[in-house]
Structure formats: structure tokens, C-alpha cells
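Novice: Next input, structure requested:
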Amino acid sequence: MLSESELERYARHIVLRDLGGPGQQRLKAARVLVVGAGGLGAPVILYLAAAGVGTLVVVDDDDVSLSNLQRQVIHGTEDVGRPKVDSAADHVARVNPHVRVETRRERLGPDNVDGLLAGVDVVVDGSDNFETRYLLSDACFRAARPLVTAAVSEYDGTLTTLAPHERGPDGVPNPTYRCLFPEPPPAGLVPACAVAGVLGALTGVMGSLQALEVIKLIAGIGEPLVGRLLMVDARAMRFETVRYAWSPDNPLNGTSVP
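Specialist: Numbers count the residues shown, from 1 in each chain. Got it, this is the predicted structure:
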């Protein structure tokens, strides 16, 4: 049940058509895994905490550096040198004391990914490398967990929601990450953020959109970006959505998989 203070805190949600009290109760009961407490993870954590998601599991092995502060809005100057997960937990406590934060100061990898997925309802990918994206998306498929994944580079961002453990209305499986991107690009082809740079406010836009997708998934409202890739061009302020479909050649739920 929602307490009196929670009813007041979430009043603008509760009066929303389709979300309402039942949707807010679902948010309170939910557990969300956020991989990365950086440029994308920061606004995700901020808005999911404000929305009243009951438990946030935050995974990051990095410390706050001064160069992070241009975009990683849950960390402040006084947090430089601290573990990002600790800084994130302190920020959530200031935003919403009703939200529980479980911190995991570790790098997501083959040895821990399955354990981190256990018991969560939705997963958010705020990582900054292809190795983690493929590892996490494959693991979410095996664990039957929806994944909201985004990426940013310089002035451009992309976002999609993956639920390949489910089927669409036509009975065809939903696409996997490997249906969209069959193989990672060659090493060195896509420059890292430290080399190419990234517009700070863009990570806020994309992370906020990720949080919106998570809220929709938990509350059961609207149409998530399953089978659709949202592309954002910040310089032209252009938003485009392209559809992509299940590939029978993908190695997770393709036709060649037993």
C-alpha cells in the first residue's frame, strides 16, 4: 500500500489516466537493474527514483572523475574520487527515501551477469561498450527479462526496447539485439567518448527516454519500442523511428536454434 506521504509525492502519477494508483503500486513493487551509473545511467536512476520504483540495483565499478560531471548529473564535485554506486545511492536517498538502492561495485561480465539478473523485473543498459551490450542482451534473453538499451556518440543517440523472449501479435518472436546489430563493429571503428566527445545534455535526453520506457513497461501503459529503433540527431533536433524485425538467422531464437 502507498502511505499518505507517497500518495502526495506521486499525486501527478496517480491522477494520470491509464497509470493511476494501480500503476504506481506496480512501480513501488518493481526491481530494476541499472547497468552503469554514468551519462545514461544517471538520468535513468534520477527519474526512476523520482517515479517511485521500489528497488534500484545499480552496477558500476568506476569512481567519479571530474570529466564525468559535464553529463553525469547525479554526481557532484564533492563526489570526485568516490565510487559511482555510492554517490548514486546518496543521491537517490535525497530524491526519494522510499526507494531502496542495492549497490554492486563490480563490472558486469560473464561470471556475474546471470546472478545480477535474478529477481529483477526490467533491465536498463547504460553501458558504454559493445562487449557489455551484447553480453547483457544475450543474458536478458536467457533470463526472459525485458531490456531497455541506449547508446550515444557525439551528437547522436539511439534507443530500443528488447523483449525477444516474447512473441508479437502475429506469433513471430520479437527481435533480439543481434537481429538489429548482428555483429559488433571492428575494434577501433567507433571512437570512445573520451576521444570523440559527447554532448552532455544528449545523455540526459536519452537516459530520460530510457526511464520513460521502463515506467511504461512496469505500469503496462503505452507501446514500448519493441521492434523499433529511435534515432536522435541533436544537431538537427530530429527524431526518427525505424522498424526492425526478428531475423531467423540470429543465434538466440533463430530457426537453427534447437
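Novice: could you point out which element follows the lowest-mean-pLDDT helix or strand in the chain?
Specialist: None of the helices or strands of the chain scores lower by mean pLDDT, DSSP states H and E than helix 193-196, at a mean of 71. Using DSSP states H and E, the helix or strand that follows helix 193-196 towards the C-terminus is helix 200-219.
Novice: Residues contacting the helix or strand encompassing Val44, please?
Specialist: For Val44, the host element (DSSP H and E) is helix 41-51. Helix 41-51 is contacted by residues 10, 13, 27, 32, 34-35, 37, 56, 58, 60, 71-75, 88, 91-92, 95-96, 99, 124, 126, 203-204, 207-208, 210-212, 214-215 when judged by C-beta atoms under 8 Å, 6 or more residues apart in numbering. To be clear about C-beta, it is placed using only N, CA and C from the backbone, and glycine gets the same treatment.
Novice: try 6 Å
Specialist: Contacts with helix 41-51, where a contact means C-beta atoms under 6 Å, 6 or more residues apart in numbering, come from 27, 34, 72-74, 88, 92, 95-96, 99, 124, 126, 204, 207-208, 210-211, 215.
Novice: Filter those down to just the buried residues.
Specialist: Among these, those scoring as buried are 27, 34, 72-74, 88, 92, 95-96, 99, 124, 126, 204, 207, 210-211, 215 (criterion: 16 or more other C-beta atoms under 10 Å).
Novice: Show me those that map onto helices.
Specialist: Judged by DSSP state H, helices contain the following of the buried ones among the contacts of helix 41-51: Leu27, Ala88, Val92, Val95, Gly204, Gly207, Gln210, Ala211, Ile215.
Novice: ok, so of those residues, who is nearest Arg133?
Specialist: Nearest to Arg133 among these, counting by C-beta to C-beta, is Gln210 at 13.3 Å.
Novice: List phi and psi for Val242.
Specialist: Note on Val242: its backbone torsions stand at phi -120, psi 140 [degrees, to the nearest 10].
Novice: confidence score at the closest residue to it other than its chain neighbours?
Specialist: Spatial nearest neighbour of Val242, chain neighbours left out: Leu229 (5.2 Å); criterion: C-beta to C-beta, 6 or more residues apart in numbering. pLDDT recorded at Leu229 is 98.
Novice: Just to check, Leu229 is in contact with Glu240?
Specialist: No: using C-beta atoms under 6 Å, Leu229 makes no contact with Glu240, being 8.9 Å away.
Novice: Lovely, talk soon.
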